[in-house]
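Trainee: curious how this folds, go ahead:
(one chain, ligands or ions: 1)
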Amino acid sequence: MGLYDYREYIANEKAYRELLREIRWTNEIKCPKCKHYKIWKLGYSNGYKYQCSDCSYKFTERAGTIFEKTRTPISKWIFAIGLFRIGISANQLKEEIRVTYKTAWEMLKRIREAIKDDFLMNQLSGHIEVDETYFGGRRKGKPCLPLHR
Ligand SMILES: [Zn+2]
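Mentor: Got it, this is the predicted structure:
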């Protein structure tokens, strides 16, 4: 899927969390700690909460991913992951998703590290495809559609 196909998820954080869950746990939800499959759903408040019936670990679909402990909306992460693939700088990313330079830099660093060995991240980055001419085209001054904010 291209970035454009993600517009629903970018506009709707809840839809994106659903997607995250689908990618991460294709069929069944698995405990990130003990890999047990018997999981209780604890309800929804700012994302679903789950609890493992075996080790009692409470978690969300973000647990153990780069999205855990981030105050940056997931929608911005989608852009960052997509743009990372075509080699965006922290300075460019800062402008594209309107975060501080420090946040942009930190996001790229986390993506770079996670993409190596994180399953979810690998899946996500495989999903999100950005046409390389997007930035290449703009740099050469050719007309180019802006990203919707
Ligand atoms: Zn468990």
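Trainee: which parts of this protein sit against the ion?
Mentor: Contacts of the chain with the ion, taken as C-beta under 5 Å from the ion, map to 31, 33, 34, 36, 52, 54, 55, 57. To be clear about C-beta, it is placed using only N, CA and C from the backbone, and glycine gets the same treatment.
Trainee: would you list the buried entries among these?
Mentor: 31, 52, 57 (16 or more other C-beta atoms under 10 Å).
Trainee: secondary structure for the residues of the chain next to the ion - can I get that in a markdown table?
Mentor: Shown next, in a markdown table, are those (DSSP: H, G, I helix; E, B strand; the rest coil):
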| residue | secondary structure |
| --- | --- |
| 31 | coil |
| 33 | coil |
| 34 | coil |
| 36 | coil |
| 52 | strand |
| 54 | coil |
| 55 | coil |
| 57 | coil |
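Trainee: now the residues you listed in CSV, with pLDDT?
Mentor: Converted to CSV, the residues of the chain next to the ion look like this (pLDDT from 0 to 100):
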residue, pLDDT
31, 90
33, 89
34, 92
36, 90
52, 94
54, 95
55, 96
57, 94
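Trainee: surely residue 47 and residue 63 touch.
Mentor: No: Residue 47 is not in contact with residue 63 according to C-beta atoms under 8 Å; the separation is 10.1 Å.
Trainee: what touches both of the two?
Mentor: Here residue 47 and residue 63 share no contacting residue, scored by C-beta atoms under 8 Å, 6 or more residues apart in numbering.
Trainee: okay, and the closest residue to residue 107 other than its chain neighbours sits in which element?
Mentor: Distances taken as C-beta to C-beta, 6 or more residues apart in numbering put residue 80 closest to residue 107, at 4.8 Å, once the chain neighbours are dropped. Assigned by DSSP states H and E, residue 80 falls within helix 74-85.
Trainee: quick one: list the elements packing against that helix.
Mentor: In terms of contacts (3 or more C-beta pairs under 8 Å, 6 or more residues apart in numbering; DSSP states H and E), helix 74-85 is packed against helix 7-11, helix 13-24, helix 90-97, helix 101-117, helix 119-127.
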